[in-house]
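**Q** Return atomic coordinates for the entry below.
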Amino acid sequence: MAKKSACNQQSNDKITKSSLLFSILLNIGITVAQIIGGLISGSLSLLSDALHNFSDVLSLTVSFFANRLSKKEASIEKTFGFKRAEIMAAFINSFSLIVIAVILIIEGIKRFKTPQQIDTSVVIVLSLIAIFGNGLSVLLLKKDSKLNMNMRSAYLHLVTDLMASLAVLLGGLLMKFYSIFWIDSILTFIIAIYLIIMGYDLLKKSFKILMLYTPDDIEVKQIVSIVNELPNVKSLHHIHIWQLNEDETHLEAHIDFNSNIKVSEFGEILYTIEVILQEKFKINHVTLQPEYENKDNKDIIVQD
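**A** Alright, predicted model coming up:
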């Protein structure tokens, strides 16, 4: 059964890598076409979409290598391996989304003040190509986006770019048939705001993991209350709870006992605590330091 599970995992990894590689190559082609088309047509929204597509190329590349790194085994020098590589990728990708959005807003405001004539035929054709390419990439990565934060960040890049391309197409049609050239700047601004909204949530989540925040859904005081009710347990204190990545949540703490118990008794209590923390809080790595009549700080949170 374990062998079958391992084979399935390897198969999923190959599919993920293939999907990422195909999406990278597809977005490189779209980016080059949009940059050339944006310069020829004079469309800022098309150039902004090209810039966003280029950020997709970078984010997908980062995600691809992060995905590969995260599978490497731990070593003496790297006892956790590269398990945080995908969290780092998610942070970089989400931060890049926000930076790009700010640049687009600045350029959009400048262009709004001085609208320019735009070759709408080029805008419409290239936005249709981008919609097809990004739509295909979104479909390829939709399933993988549920795997972890890294793949979700790559998927979000592609979804936002699909939305941006749809907006550029709409703008191109309005400019072609109604000569509303200021719509180019408005659409650029809307795309940018959407990028900020999408990027901020992922940036916040990845930042919290990198900074070793306690996961939002875990109540530390509730854990202390439950553990302290166990037989012979006097105090659970000096607690640290953090996520190594999206799959691993760690807890380390000191546990004070009412009597000088045997090591075998501590092993039984530890097992009970591990089961409770796994079932109630999804904490899957527990390290406890047993104590008896130790004069250390008994606060729940202690600054090391």
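
**Q** rest of the way, CA atoms for contacts and neighbours
**A** Noted.

**Q** roughly how far apart are the closest residue to N67 other than its chain neighbours and T160?
**A** Leaving aside its sequence neighbours, N67 sits nearest to E86 (Cα to Cα, 6 or more residues apart in numbering; 6.2 Å). Separation of E86 from T160 (Cα to Cα, to the nearest Å): 20 Å.

**Q** check contacts around the residue nearest to N67.
**A** If a contact means Cα atoms under 8 Å, 6 or more residues apart in numbering, then E86 has S63, A66, N67, S70, M149, N150 as its contacts.

**Q** now do D296
**A** Per Cα under 8 Å, 6+ apart, neighbours of D296: none.

**Q** hey, where'd the strands end up in the stretch 101-250 of the chain?
**A** Per DSSP state E, counting those that start in this stretch, the stretch 101-250 of the chain carries strands over the ranges 233-243, 249-257.

**Q** Tabulate these (a markdown table), appending distance to A101 and mean pLDDT.
**A** Output for these, formatted as a markdown table (distance: least, Cα to Cα, whole Å; pLDDT from 0 to 100):
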| stretch | distance to A101 | mean pLDDT |
| --- | --- | --- |
| strand 233-243 | 29 | 96 |
| strand 249-257 | 33 | 97 |
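
**Q** Kindly reformat the ones you listed as a markdown table containing distance to L26 and mean neighbour count.
**A** Shown next, in a markdown table, are the strands of the stretch 101-250 of the chain (distance: least, Cα to Cα, whole Å; neighbours: other Cα atoms under 10 Å):
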| stretch | distance to L26 | mean neighbour count |
| --- | --- | --- |
| strand 233-243 | 34 | 20 |
| strand 249-257 | 36 | 19 |
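
**Q** Figure out which of those strands is closest to L187.
**A** The closest of the strands of the stretch 101-250 of the chain to L187 is strand 233-243. By Cα to Cα, the value is 38.6 Å.

**Q** Note down every partner strand of that closest one and its orientation.
**A** Strand pairing for strand 233-243, determined by DSSP bridges: strand 249-257 (antiparallel).

**Q** Quick one: name whatever helix or strand follows the strand it pairs with.
**A** Where DSSP states H and E defines the elements, the next helix or strand beyond strand 249-257 is helix 263-281.

**Q** in its sheet, what does the next helix or strand along the chain from that next one sit against?
**A** Next in sequence after helix 263-281, counting helices and strands by DSSP H and E, comes strand 285-291. According to DSSP bridges, strand 285-291 has the following sheet partners: strand 249-257 (parallel).

**Q** export the strand it pairs with as CSV, just CAs?
**A** Only the C-alpha atoms of strand 249-257 are listed here, as CSV (Å, rounded to 0.1, in the frame of the first residue of the first chain):
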residue,chain,number,x,y,z
THR,A,249,3.1,22.1,12.4
HIS,A,250,5.6,21.8,15.3
LEU,A,251,5.1,22.3,19.1
GLU,A,252,7.9,22.4,21.6
ALA,A,253,7.4,23.1,25.3
HIS,A,254,8.4,22.4,28.9
ILE,A,255,6.1,20.1,30.9
ASP,A,256,6.2,20.1,34.7
PHE,A,257,5.1,17.0,36.6
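
**Q** got the angle between that strand and helix 263-281?
**A** 140 degrees (axes from the mean of the first three to the mean of the last three Cα atoms, to 10 degrees).

**Q** thinking again about what came up before, how about the strands of the stretch 101-250 of the chain in CSV, adding distance to I131?
**A** Compiled in CSV, these are given as follows (distance: least, Cα to Cα, whole Å):
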stretch, distance to I131
strand 233-243, 37
strand 249-257, 39
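
**Q** K142 is nearest to which of those strands?
**A** Of the strands of the stretch 101-250 of the chain, nearest to K142 by Cα to Cα is strand 233-243, at 24.5 Å.

**Q** Which positions in stretch 119-128 come out as buried?
**A** D119, T120, V122, V123, I124, L126, S127 (16 or more other Cα atoms under 10 Å).

**Q** For it, the averaged confidence score.
**A** The average pLDDT within stretch 119-128 is 85.

**Q** export it as PDB, just CAs?
**A** Extracted as PDB, the C-alpha positions of stretch 119-128 are listed here (Å, rounded to 0.1, in the frame of the first residue of the first chain):
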ATOM      1  CA  ASP A 119      -3.900  50.500 -32.500                       C
ATOM      2  CA  THR A 120      -6.900  48.600 -31.200                       C
ATOM      3  CA  SER A 121      -6.600  45.700 -33.800                       C
ATOM      4  CA  VAL A 122      -3.200  44.600 -32.400                       C
ATOM      5  CA  VAL A 123      -4.600  44.900 -28.800                       C
ATOM      6  CA  ILE A 124      -7.600  42.700 -29.600                       C
ATOM      7  CA  VAL A 125      -5.700  40.000 -31.400                       C
ATOM      8  CA  LEU A 126      -2.900  39.800 -28.700                       C
ATOM      9  CA  SER A 127      -5.400  39.800 -25.800                       C
ATOM     10  CA  LEU A 128      -7.200  36.900 -27.400                       C
END
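
**Q** Appreciated, that's everything.
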